[in-house]
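Q: okay, sequence plus prediction incoming.
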Amino acid sequence: MAQLLTSLDNFPSELRGGAVAIGNFDGVHRGHAALLAQLTEQARRLGGPAIVLTFDPPPVAILVPDRPPSLPLTTIRRRADLLGRLHVNALIAYPTDRALLSLEPDEFFEQKIVQAMGARAIVEGPNFRFGKDRAGDTDMLAHLCHSAGMDLTLVAPQTDGSNEMISSTRIRQLLADGNVAGANRLLTQAHRISGIVAKGAQRGRQLGFPTANLCDLRSMLPAQGVYAGVTRLDEQEWTCAVHIGPNPTFGEQQDKVEIHVLDWSGDLYGEEIECSLLARIRGVQRFQSASELQAQLTADLAACRQAVSRNVDA
């Protein structure tokens, strides 16, 4: 995992003098990976660290407070883990406030990048914007870097086999459509949901399929449906069946997230669970009886085993 910092105050000396990439990096997808490969190459050339600077919460949460909040693709901690796998040394999740957002582009560059971090190289995409009102662009960044004796590398957006650009926005749409397999093909690791286990109606236990009900959800959910996934408990990976949405068979309309961990038993109440989603099995359905639902759940579990097995063998 990349070292996680939440401030630039008393910035560690061992993290100065390296290469920096600034951005959201939500999801840490294959497009990000291409940029980060350039970042780590520049860091090696300089003999310094590779650092990602992001902002928590995202600036839009401060600038447009009335906008309905949306969960990220990845939590900050998950981002640090994924970035570490790509050889990033540190992730700075800088607290976003009005003072930060009021800095002019040259002020932001001088105060945060040059003085606080002592960076010697910057790696960005061609659409990078920074500073108050997003007034800074890559031309301004190039001028500032040149004046500071700092190297600037611009990395072109990455496309997939269909020649479409890989982006967090596109991944969000795939998840909203329930296409987790398609989203995962664009990510560096499978999409993961997380939350805290709370007590539910315990109908799953009564049906012979006990579930962990998640609350305090911390990452974006895909469309309603049943999904195959994996979770890690007791230092092992376990196959999961994940139901996202209401339970119309029992007249419930409230959306819920329920996870059945195959072949596992134990008390998870109050614990945080993370589950990587691998494939969509089916949509939400209403069944005529509990026995019909039980038969479908048995088929769902078999389908989940097959889906996880295919992903492991791939």
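A: All right, it came through fine. Bear in mind that the values here come from a model prediction, so they are computed numbers and not experimental data.

Q: any idea which helix or strand carries Leu100?
A: helix 98-101 (DSSP states H and E).

Q: ok, and the closest non-adjacent residue to Met1?
A: Excluding the flanking residues, the one nearest Met1 by CB to CB, 6 or more residues apart in numbering is Gly84, at 4.2 Å. Just so you know, the C-beta spots here come from the backbone N, C-alpha and C atoms, and that holds for glycine as well.

Q: swap in Leu268?
A: Nearest to Leu268 is Val197, by CB to CB, 6+ apart, at 4.4 Å.

Q: check the secondary structure at the one you found for me.
A: Assigned by DSSP: H, G, I helix; E, B strand; the rest coil, the conformation of Val197 is strand.

Q: my guess is it contacts Gly270. True?
A: Yes: contact criterion CB atoms under 8 Å: Val197 and Gly270 qualify, at 6.4 Å.

Q: neighbour count for those two, which is higher?
A: Val197 (19 against 9; other CB atoms under 10 Å).

Q: if we can go back for a sec, next structured bit after the helix holding Leu100?
A: helix 105-108.

Q: report the distance from that next one to the chain centre.
A: 28 Å (CA atoms, centre = their mean, to the nearest Å).

Q: that helix: which residues count as buried?
A: 105-106, 108 (16 or more other CB atoms under 10 Å).

Q: which is the next helix or strand following it?
A: Next along from helix 105-108, by DSSP H and E: strand 121-124.

Q: please name the strands paired to that next one in the sheet, noting orientation.
A: strand 19-22 (parallel), strand 151-154 (parallel) (DSSP bridges).

Q: most tightly packed of those strands?
A: A comparison of the strands paired with strand 121-124 by mean neighbour count, using mean count of other CB atoms under 10 Å, puts strand 19-22 on top with a mean of 26.

Q: rounded mean pLDDT for it, please.
A: What strand 19-22 shows for mean pLDDT is 98.

Q: after that strand comes which helix or strand?
A: helix 30-46.

Q: so after that next one, what's the next helix or strand?
A: strand 50-56.

Q: select the helix or strand of this structure having the lowest average pLDDT value.
A: Lowest by mean pLDDT, DSSP states H and E among the helices and strands of the chain is helix 203-207, with a mean of 57.
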